[in-house]
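Engineer: build me a model:
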Amino acid sequence: MFDVIRIPAFKDNYIWLLRKGASAAVVDPGDARPVLEVLEREGLSLSTIFVTHHHADHQGGVMSLLAHHPAEVFAPAAESIAGVSKPLHGGESIRAAFCDIGFQVLAVPGHTLGHIAYYGAGCLFCGDTLFAGGCGRLFEGSAAQLFDSLSRLASLPDETAVYCAHEYTEANLRFALAVEPANRCLQRRVNEVAVARAKGWSTVPSTIAIEKATNPFLRCAAPEVVASARRRVPEAADEVAVFAALREWKNSF
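Structural biologist: Okay, here's the model as predicted:
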């Protein structure tokens, strides 16, 4: 197994550093500086970089890191990302240089068309596809694509730790409560997150079980979620249409 270190970046990003002995990997290094600081402080050598998609806040630090550490770079083959040495399409099983643990590469289009996620050792590194309490915006893909991607992530074991790339949980749960106000699990989560954020604590990682119980974008068959979506889009006849209605509602919430 590896240790996971949270590295805050920009306003609300998280870069994830995975440590195994003196070797390390990072996930979505949008900024090299805080990563280099942790590597130096902890005496670690960076041997692997994982990138989920091409947005600058997820891969903007790759070339600067490579100038200091000759790391292998796993990233989506379908997207333009500098420094990639291990292009991926989804469906691969990979072993990274920093440890002997295998990862499954999952194609999760929607937020971007080439977006991928990494699943291994009970941990899911999902970039901007699945958030704690929410999901990414549809910048390139369709609602059907993102719904399918989220459904595949939701099929992972309940205990899977969900390491998303942003601290959006409070805002996401405000929306979730507007969608499904009678959900008692959600009510408890809202209160727990409010306490955590008031203390300056992170709310990530979550788990697949928590997301399935409280995240409206994984609950598009739940009666109250369906009813809320149909109040806005009466013709939302199936789960994909409910999802699309929720995603559009969230855009302006």
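Engineer: so for stretch 21-39, mean pLDDT?
Structural biologist: When pLDDT is averaged along stretch 21-39, the result is 97.
Engineer: tell me how far the ends of it are from each other?
Structural biologist: 12 Å (Cα to Cα, to the nearest Å).
Engineer: swap in stretch 89-106?
Structural biologist: Span of stretch 89-106 from end to end, Cα to Cα: 8 Å.
Engineer: quick one: buried residues of it?
Structural biologist: Gly90, Ile94, Ala96, Phe98, Cys99, Phe103, Val105, Leu106 (16 or more other Cβ atoms under 10 Å). C-beta coordinates here come from the backbone N, C-alpha and C atoms, glycine included.
Engineer: thought the second one was touching Leu106?
Structural biologist: No - using Cβ atoms under 8 Å, Ile94 is not in contact with Leu106, being 11.5 Å away.
Engineer: who does the helix or strand where Leu177 lies touch, helix- and strand-wise?
Structural biologist: According to DSSP states H and E, Leu177 maps onto helix 169-179. Here helix 169-179 touches strand 134-135, helix 184-198, helix 223-232, helix 239-251, going by 3 or more Cβ pairs under 8 Å, 6 or more residues apart in numbering; DSSP states H and E.
Engineer: show me what the shortest one is in contact with.
Structural biologist: Residues external to strand 134-135 that are found in contact with it (Cβ atoms under 8 Å, 6 or more residues apart in numbering): 110-111, 129, 146, 150, 168-169, 171-172, 175-176, 215, 217, 247, 250.
Engineer: which of those residues are buried?
Structural biologist: Buried by 16+ other Cβ under 10 Å: 110-111, 129, 146, 150, 168-169, 171-172, 175-176, 215, 217, 247, 250, out of these.
Engineer: just curious, which of those residues is nearest to Gly200?
Structural biologist: When the buried ones among the contacts of strand 134-135 are compared for distance to Gly200 (Cβ to Cβ), Thr169 comes out closest, at 13.5 Å.
Engineer: okay, and the beta partners of Leu124?
Structural biologist: Tyr119, Val162 (DSSP bridges).
Engineer: so what's it up against?
Structural biologist: Applying Cβ under 8 Å, 6+ apart, we find Leu124 in contact with Ala117, Tyr118, Leu130, Leu153, Leu156, Thr160, Ala161, Val162, Tyr163, Ile208.
Engineer: and Leu106, what element?
Structural biologist: Per DSSP H and E: Leu106 is located in strand 102-107.
Engineer: check what pLDDT Ala97 gets.
Structural biologist: Looking at Ala97, its pLDDT reads 87.
Engineer: Three-state assignment for the residue lying closest to it once chain neighbours are set aside, please.
Structural biologist: Among residues not flanking Ala97 along the chain, Ser47 sits closest, at 4.2 Å (Cβ to Cβ, 6 or more residues apart in numbering). Three-state call for Ser47 (DSSP: H, G, I helix; E, B strand; the rest coil): strand.
Engineer: residues contacting Ser47?
Structural biologist: Contact partners of Ser47, counting by Cβ under 8 Å, 6+ apart, are Ser23, Ala24, Ala25, His69, Ala71, Glu72, Ala96, Ala97, Phe98.
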